[in-house]
Every structure is written in structure tokens, then in C-alpha cells.
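K.L.:
got a predicted structure plus its sequence, pasted below:
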Amino acid sequence: MDNVIDSRRFWQNLIFLVFWGCLSLTNVKACPASEIKPLAQKPSEIDYVQGLQYALSPSYTNDLDNTVQLAEKFCDDYRQQNPDSKNLAIVSDLDETLLDNRPFYKVNPKFNHKAYHEWVISNVAPLLEPTAKFLSRERKNGYAIFLLTGRRERDRVATTYNLVKQNVDYDGLFLKPNDFKGHAYDFKTNVRKAIEDMGFKIVENIGDQVSDLYGGYAIDCVKLPNKMYFVP
Ligand SMILES: [Mg+2]
């Protein structure tokens, strides 16, 4: 009898450990916005050099595709399940979400702020195609598209040109004030609140940082892969 109980306990413990092991190894990809918790410190997996290697690998391409598909499915399902809902909106981050800075990172194996800003104002960042297609498709389906970035107002013209010359259609572009000090999530939460105060319902919030997603004012959120850097 004891042997039977020991055996059952062994399998229960094994299943428990495997289950929690999977959870701890899996980053948040999609969840209700209300469940996102802020990260107090940089996750151990974030490393500029190794993160760039991952960003240039087929795994990144797959992970990006899969996570954008989660956002697309949620938006499609929401519209079908709420056919009378009006003023639906999607909020999207820019860098490493819609704009692809890998060409810059590839030639700058050590991050340099001045060089990065020169890259931003050169307005040549290509699009991350899965996100660009998702936003374009959902805009045609009736969602308003609001772009919300940690870039500063001083970069508005370059950023606008970077987007428009690649045929990105959107309904609003929000940048940090030049003198903003504080956490990214404070700025982004306040902008999402302002968007909802205008009368929009933010169905999806998509970004590559937890700070893009934390703070509410969205129904669902999707975290895209980025192991290169962490924005608190
Ligand atoms: Mg970003």
C-alpha cells in the first residue's frame, strides 16, 4: 500500500514540477491587461549581445509571428463577439514592435545612445512585417490604430516620415515630451487613459516591453519578444 502511495506521490510531484518549470521558462505572451505586473528589475535573460543573436535567429522570427497572431486572433474574436461595439482601438508600441532596429544593432555591437539617435532621425528603420500587416489589416476591419512610443517629441518628424514612406496608416502618434522624466509605463498608461477618455475602447495593446503593457486601459495585451534590452 505504501508503495502505491509513494508511486502516486512521485508522479504528482513530477507533474507539478514539469508544470511549474514550463511556466517559469515561458515569458508572458498574451493575457488580459489587468494581469500584467510591472518588472522591478531587468530579467536575467536580457543581454544585448545574446539578445541580438536571438533577434537574428529563426526562433525570433517564429516567436514574433506567433505572438502577433495571438493579437490578431483576439481582435478578430472580439469584433465577432461584440458586433455592436463602436470606436474600437489598438495601441501599438514602435521600436521592436512595428519598427525594426536590427540593422542598427547589427553594426553597433555595443549600444551607443548618440549613434542610436542618429539612426532614429535617419528615418530608415524597416517595418517588422507581422506587426505592420496586423495593424493594416485590423485598421481595414475598423480598428483605430494609435502608436505610442518612448521616442521623444523631438523625433516626431523623422518618426512620422519613417512610417508614412512605408505606407503605415494610423490614427494617432504619441511621443514622450522632450523633458519627460519617469517610468515609461506612467507615460504610456496616461496616454492610453487619454485615448479611452476620447471615447475609444482599447481592445489590444501590443509591445515588446512589459512597461508598454502595464497600467491597464486595454482589454488584452500581447508581449512581443525582445531579449536585447529592458525598459522599466
Ligand atoms: Mg519597443
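P.N.:
Arrived safely, thanks for sending.

K.L.:
who's in contact with Asp65?
P.N.:
Neighbouring residues of Asp65 by C-beta atoms under 8 Å, 6 or more residues apart in numbering: Pro130. Just so you know, the C-beta spots here come from the backbone N, C-alpha and C atoms, and that holds for glycine as well.

K.L.:
thought Arg102 was touching Ser57?
P.N.:
No. Arg102 lies out of contact with Ser57 (C-beta atoms under 8 Å); the separation is 11.2 Å.

K.L.:
which one of those two has more residues nearby?
P.N.:
Set Arg102 next to Ser57 and count neighbours by other C-beta atoms under 10 Å: Arg102 wins out with 16 against 11.

K.L.:
what sits against the more buried one?
P.N.:
Counted by C-beta under 8 Å, 6+ apart, Arg102 has contacts Leu52, Ala55, Leu56.

K.L.:
and which of the residues you listed is nearest to Arg192?
P.N.:
Ala55 (26.7 Å; C-beta to C-beta).

K.L.:
dump the contacts of Arg102 to CSV, plus neighbour count and pLDDT.
P.N.:
Converted to CSV, the contacts of Arg102 look like this (neighbours: other C-beta atoms under 10 Å; pLDDT from 0 to 100):
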residue, neighbour count, pLDDT
Leu52, 20, 93
Ala55, 22, 95
Leu56, 13, 95
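
K.L.:
downstream neighbour of the worst-scoring helix or strand of the chain on mean pLDDT in the secondary structure list?
P.N.:
Least confident helix or strand of the chain, by mean pLDDT, DSSP states H and E, is helix 2-25 with a mean of 39. Downstream of helix 2-25, the next assigned helix or strand under DSSP states H and E is strand 30-32.

K.L.:
which residues sit against that following strand?
P.N.:
Residues outside strand 30-32 that contact it (C-beta under 8 Å, 6+ apart): Thr67, Leu70, Ala71, Phe74, Ile219, Asp220, Cys221, Val222, Lys223.

K.L.:
and the helix or strand where the third one lies, which residues are buried?
P.N.:
This points to Ala71. Assigned by DSSP H and E, Ala71 belongs to helix 58-81. If you call a residue buried by 16 or more other C-beta atoms under 10 Å, then helix 58-81 has these buried ones: Tyr60, Asp63, Leu64, Thr67, Val68, Leu70, Ala71, Glu72, Phe74, Cys75, Tyr78, Arg79.
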